[in-house]
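> Below are the sequence and a predicted model; questions follow.
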Amino acid sequence: MPKRRPSEPMPDVFETFAHRVDEAEEQGGPIDATQVAKGAGVSLGLMVCAALGFVLGFWVGTQNEPDLAYDHLVWEGIIKVGFAVLCGLLAAAVVLALTTLAVGLPWVRRQRQRTRR
């Protein structure tokens, strides 16, 4: 039979980590609305680019079907749609990665210039 641990009082979590909550409030300044709007615009642009990449990849996937011998009509449909969806997901991932690099590299360069000054 397993031994029972002696019951000890549990530490107060709020008291233990109270210094972290207080520090977070002191570090943060006012939120700049223009920065939030720029970030939202970039996020929206990335989502639109990824959606367009998916649609184009799906279209390419429907034009190039895998050369397989199908046993049943249902499997043929599943494989064709699955192949097109996979092509769309791959294209969306590639487009998202490229647009993230296109947006991120200039931002990193600007941040490095700010820290060098």
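Perfect, thanks for sending it.

> Just the element for Pro66, please.
Secondary-structure element containing Pro66, defined by DSSP states H and E: none, the residue being outside all helices and strands.

> Excluding covalently adjacent residues, which one is nearest to it?
Here the nearest residue to Pro66 in space, its sequence neighbours aside, is Phe83; by C-beta to C-beta, 6 or more residues apart in numbering that works out to 5.4 Å. Every C-beta, even on glycine, is put in place using the N, C-alpha and C of the backbone.

> Give me the packing partners of the helix or strand encompassing the one you found, helices and strands only.
For Phe83, the host element (DSSP H and E) is helix 73-116. Using 3 or more C-beta pairs under 8 Å, 6 or more residues apart in numbering; DSSP states H and E as the contact definition, the elements that helix 73-116 packs against are helix 33-63.

> so the helix it packs on versus helix 73-116, what angle?
Between the axes of helix 33-63 and helix 73-116, defined by axes from the mean of the first three to the mean of the last three C-alpha atoms, to 10 degrees, the angle is 150 degrees.
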